[in-house]
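S.K.: sequence and predicted model, in that order:
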Amino acid sequence: MNLQQIIFKAQQSKFHLRLLNLGLNRGIPFNRPHGFKILQFQKHEIKTLLPYKKKNLNHIKGLHACALATLTEFTAGVMLISKLDPKQYRLILKDLFMEYHFQGKKNAYATFTIDDEWVKTNVLEVIAGGSPALVKCTVEIKDQDDNLLSTGTTHWQIKSWEQVKTKM
């Protein structure tokens with residue numbers, strides 16, 4: 001079963017969502033200590049968790065800015081991969097901008113939504129025209145009391161593997 005099939009199945013059942021979470025923790029070992037978890041994964045929206053635990057805290061016992069930034073990248077990246085086959089397209093984070101609004105003292109939840117029309121217009125049509133697509137994704141992270149902790153904006157460069165000059 002490839003990644004696209006696992007993601008599709010994760011959108012259908014809790015069992016497959018657990019499998020996806022296990023696979024992402026194993027496949028992205030840098031993120032494992034954070035304890036990120038995909039809580040909900042629908043066709044057009046993803047909701048992820050950053051647990052309030054020691055490894056995610058800063059020196060004043062709030063959620064660390066870098067943990068929030070990493071959750072932003074993770075959330076947008078997983079959603080983009082669910083829409084774009086990684087065997088066909090290379091996704092690279094170009095830059096990441098964070099705005100912090102409120103200190104996190106509880107579990108944090110990130111949400112990101114895109115639909116198929118957005119992907120078609122902003123990615124597929126641009127790539128079909130021969131250029132890499134540069135897309136902007138905005139992820140909001142709120143705590144369990146619905147306080148807005150941060151707004152993260154990721155810019156991704158997406159191109160077909162045929163456009164890539166340096167290949168593995």
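M.R.: Perfect, I can see it now.

S.K.: can you name every helix or strand that the helix or strand of the chain with the lowest mean pLDDT contacts?
M.R.: Ranked by mean pLDDT, DSSP states H and E, the weakest helix or strand in the chain is helix 3-10, scoring a mean of 73. Packing partners of helix 3-10 (3 or more C-beta pairs under 8 Å, 6 or more residues apart in numbering; DSSP states H and E): helix 14-27, strand 37-41, helix 65-83. Bear in mind the C-beta positions are built from the backbone N, C-alpha and C, glycine included.

S.K.: list the helices and strands the helix or strand following the last one packs on?
M.R.: Under the assignment DSSP states H and E, the closest C-terminal helix or strand after helix 65-83 is strand 89-100. Secondary structure elements in contact with strand 89-100, counted by 3+ C-beta pairs under 8 Å, 6+ apart, are helix 65-83, strand 148-160.

S.K.: from the ones you listed, which stretch is densest packed?
M.R.: helix 65-83 (a mean of 21; mean count of other C-beta atoms under 10 Å).

S.K.: quick one: mean pLDDT for that helix?
M.R.: Helix 65-83 carries an average pLDDT of 95.

S.K.: output that helix as PDB, nothing but the C-alphas.
M.R.: Extracted C-alpha coordinates of helix 65-83, given in PDB (Å, rounded to 0.1, in the frame of the first residue of the first chain):
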ATOM      1  CA  ALA A  65       7.600  28.600  19.400                       C
ATOM      2  CA  CYS A  66       9.600  26.000  17.400                       C
ATOM      3  CA  ALA A  67       7.200  23.200  18.300                       C
ATOM      4  CA  LEU A  68       4.300  25.400  17.000                       C
ATOM      5  CA  ALA A  69       6.300  26.200  13.800                       C
ATOM      6  CA  THR A  70       7.100  22.500  13.200                       C
ATOM      7  CA  LEU A  71       3.400  21.600  13.700                       C
ATOM      8  CA  THR A  72       2.500  24.300  11.100                       C
ATOM      9  CA  GLU A  73       4.900  22.700   8.600                       C
ATOM     10  CA  PHE A  74       3.700  19.200   9.400                       C
ATOM     11  CA  THR A  75       0.000  20.000   9.100                       C
ATOM     12  CA  ALA A  76       0.300  21.800   5.700                       C
ATOM     13  CA  GLY A  77       2.800  19.300   4.300                       C
ATOM     14  CA  VAL A  78       0.600  16.300   5.100                       C
ATOM     15  CA  MET A  79      -2.400  17.900   3.600                       C
ATOM     16  CA  LEU A  80      -0.500  18.800   0.400                       C
ATOM     17  CA  ILE A  81       0.900  15.300   0.200                       C
ATOM     18  CA  SER A  82      -2.700  13.900   0.500                       C
ATOM     19  CA  LYS A  83      -3.600  15.900  -2.600                       C
END
